[in-house]
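# Sequence below, structure please.
(one chain, ligands or ions: 1)
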Amino acid sequence: MRKIKTDIYEVGGIDWDARMFDGLIPLPHGTSYNSYLIRGSEKTALIDAVDPRKRGDLFRHLKELGVDKIDYVISHHAEQDHSGGLPAVIERFPDAKIVTNQKCRDMLIDLMPLTVKNFTVIEDGQSISLGNKNLQFIFTPWVHWPETISTYLGEDKILFSCDFFGSHYATSRMFVGDDEGFVYQAAKRYYAEIMMPFRNIIKRNLAKIEPLDIRMIAPSHGPIYDRPEFIVEAYRDWISDDVKNEVVLAFISMHHSTEAMVDKLTEALMTRGIQVKRFDLTEPDTGQIAMALVDAATVVLGSPTMLGQAHPKAAYAALLTNALRPKTRFISMIGSFGWGSQAVKQVSGLLSSMKAEMLEPVIAKGYPNDADMKKLDELADSILEKHKSLDIA
Ligand code: FEO
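Okay, the predicted model is just below:
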């Protein structure tokens, strides 16, 4: 249990050992499932109810504070890591009302084994009073599901934002403080993985909270922002339409032909002043790739041909890129084949949600010859020209 301010406490659990989220994205620094207790002069509210694996921590913290009554449990988001502990909380405090919006209520009933269905359904902008403190609910959909809500505590100028602005970072720090460089990376990884596909909706959510006087942002993962403008500024950059003079070059090679092409293209791009973020897909950290996709103007996939198709790991990278829907403007493909290939057609199909322009792929038969290497120079020229057209090179 950690005290944030008078009558406001963080009562959730830190998951130091978590190493994978959604069975997909590595968590190199663990995570936390934050939950907040707010004591008003008349009522007590609990914000979010942690992942069920950490409900023991939640109950221990409530006991340390001598909490014997909870009037409201604010449910921001029906996903397991914030609401999985809700059935146990309601069992312990059966008179508590679950405060949430209609969409989240319906999802909780569908997804959780809730035997008590004592809901107070709120509308966007509505407030409830705890006596000397008021909680105002702000619907912030798609951070990261359609039902997600944030809560603003005006008297203390704190925004409780759930996944919005969160970071997967297990730390003993309660506040970000002078750890902004590290938290920036963790928050960017999180944004890239779960919010980037909904960038345009995140823009609207950011516009909704900007008029509020916010002195602290308390997310449900990672430390609390005691200088909220730091993370708001970062989000403004990530969700903007601006791209950077960068190429994400993700590749896999079987017999070094594709690798030789990747080496050539890397050097050709570097010579032209373009930053290359290069990822070998043999054992990739998909979180690092997702982070690089937040900014890059161009994505190039490198793949050999396997049984007439792109290598499955390159196909996976295409599928991931397509799902994350980055603001990338240009895409291309390089690679090799032995006896025949449908890889370009296949990868183009896998990238069907991308609104990016396809630049002429370079596919070599076997080890790349001089003509293939010249085509890679031409691809680098083409990327430079496109980046110049955006005023970023
Ligand atoms: Fe942290 Fe969308 O759950």
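# All the strands of the stretch 151-300 of the chain, in order from the start?
With DSSP state E, counting those that start in this stretch as the criterion, the stretch 151-300 of the chain has strands at 158-162, 216-219, 244-251, 275-280, 296-306.
# Which elements pack onto the first one?
Contact here means 3 or more C-beta pairs under 8 Å, 6 or more residues apart in numbering; DSSP states H and E; on that basis strand 158-162 packs against strand 149-153, strand 216-219. (Each C-beta comes from the backbone N, C-alpha and C, glycine too.)
# contacts for the last one?
Contacting residues not belonging to strand 216-219 are listed as 4, 10, 34, 36, 156-167, 224-226, 228, 231-232 [C-beta atoms under 8 Å, 6 or more residues apart in numbering].
# what does stretch 172-185 give?
2, 4, 10, 14, 167, 169, 171, 222-227, 230-231, 234, 291.
# go again using 10 Å as the cut-off
2-4, 10, 14, 16, 28-29, 34, 165, 167, 169, 171, 186-187, 216-218, 222-228, 230-231, 234, 287-288, 291 (C-beta atoms under 10 Å, 6 or more residues apart in numbering).
# who's the closest residue to residue 225 other than its chain neighbours bridged to?
Closest residue to residue 225 apart from its sequence neighbours, by C-beta to C-beta, 6 or more residues apart in numbering: residue 217 at 4.2 Å. Note on residue 217: beta-bridge partners by DSSP bridges are residue 159, residue 225.
# One more: residue 365?
residue 337.
# for the ligand, what are the nearby residues on this protein?
77, 79, 81, 82, 144, 163, 220, 221 (C-beta under 6 Å from any ligand atom).
# from those residues, which is closest to residue 273?
Nearest to residue 273 among those is residue 144, at 35.8 Å by C-beta to C-beta.
# Next up, phi/psi of the closest one, please.
Reported as degrees, to the nearest 10, the phi and psi values for residue 144 are phi -130, psi 0.
# Give me the pLDDT for it.
Looking at residue 144, its pLDDT stands at 83.
# Give me the local confidence score for the spatially closest residue to it that is not a sequence neighbour.
In space, and not counting its chain neighbours, residue 144 is closest to residue 194: 4.1 Å by C-beta to C-beta, 6+ apart. Residue-level confidence at residue 194 comes out at 91, pLDDT.
# Report how many residues lie close to residue 194.
The number of residues packed near residue 194 is 21, by other C-beta atoms under 10 Å.
# So it is in contact with residue 162, correct?
No. Taking contacts as C-beta atoms under 10 Å, residue 194 lies outside contact range of residue 162: 11.4 Å.
# So for the two, which residues contact both of them?
79, 143, 144, 145.
# Return the residues in contact with the second one.
This points to residue 143. Residue 143 neighbours (C-beta under 10 Å, 6+ apart): 76-77, 149-150, 161-166, 191, 194-195, 198, 201-202, 205-206, 219.
# Next step: these restricted to helices.
191, 194, 201, 202, 205, 206 (DSSP state H).
# Just give me the closest of those residues to the ligand.
Comparing the ones in helices among the contacts of residue 143 against the ligand with C-beta to the nearest ligand atom places residue 194 closest, at 6.2 Å.
# Quick check: the closest one vs residue 167, distance?
Residue 194 sits 12 Å away from residue 167, going by C-beta to C-beta, to the nearest Å.
# Just give me how far the strand or helix carrying residue 38 sits from the chain centre.
Using DSSP states H and E, residue 38 sits within strand 36-39. Centroid displacement of strand 36-39 relative to its chain, using C-alpha atoms, centre = their mean, to the nearest Å, is 26 Å.
# Tell me which other helices or strands that strand touches.
The contact analysis (3 or more C-beta pairs under 10 Å, 6 or more residues apart in numbering; DSSP states H and E) places strand 36-39 against strand 2-5, strand 8-10, strand 44-47, helix 55-64, strand 72-74, strand 149-153, strand 158-162.
# Which residue ranges of the stretch 201-350 of the chain form helices?
All helices of the stretch 201-350 of the chain, identified by DSSP state H, counting those that start in this stretch, fall at 228-239, 257-271, 286-293, 312-324, 343-350.
# Quick one: mean pLDDT over the third one.
Taken as a whole, helix 286-293 carries a mean pLDDT of 94.
# Give me the contact list for the strand holding residue 38.
So strand 36-39 is contacted by 1, 4-12, 44-48, 58, 61-62, 65, 67, 70, 72, 74, 130-133, 135, 151, 153, 155-156, 158, 160, 218, 220, 224 (C-beta under 10 Å, 6+ apart).
# ok, back up a step: what about the residue nearest to residue 225, how many residues close to it?
24.
# Could you do the one 4 residues further on as well?
With neighbours defined by other C-beta under 10 Å, the count for residue 221 comes to 26.
# contacting residues around it?
Neighbours of residue 221 in contact, by C-beta under 10 Å, 6+ apart: 12, 15, 21, 27, 31-34, 81-82, 161-163, 165-170, 186-187, 190.
# Then residue 19?
26, 27, 28, 29, 30, 31.
# what's near enough to touch the spatially closest residue to the last one that is not a sequence neighbour?
The spatially closest residue to residue 31, leaving aside those adjacent along the chain, is residue 168, at 4.0 Å (C-beta to C-beta, 6+ apart). By C-beta under 10 Å, 6+ apart, the contact set of residue 168 is 15, 18, 21, 25-32, 186-187, 189-190, 193, 221-222, 287.
# Would you mind confirming that residue 130 is in contact with residue 40?
Yes. Here residue 130 reaches residue 40: they are 2.4 Å apart, a contact under C-beta under 10 Å.
# Mutual contacts of these two, please.
7, 71, 72, 153, 155.
# export these to JSON lines and tack on pLDDT?
Listed next are those as JSON lines, based on pLDDT from 0 to 100:
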{"residue": "7", "pLDDT": "97"}
{"residue": "71", "pLDDT": "98"}
{"residue": "72", "pLDDT": "98"}
{"residue": "153", "pLDDT": "98"}
{"residue": "155", "pLDDT": "97"}
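# quick one: which two of the residues you listed are the most distant?
71 and 155 (16.9 Å).
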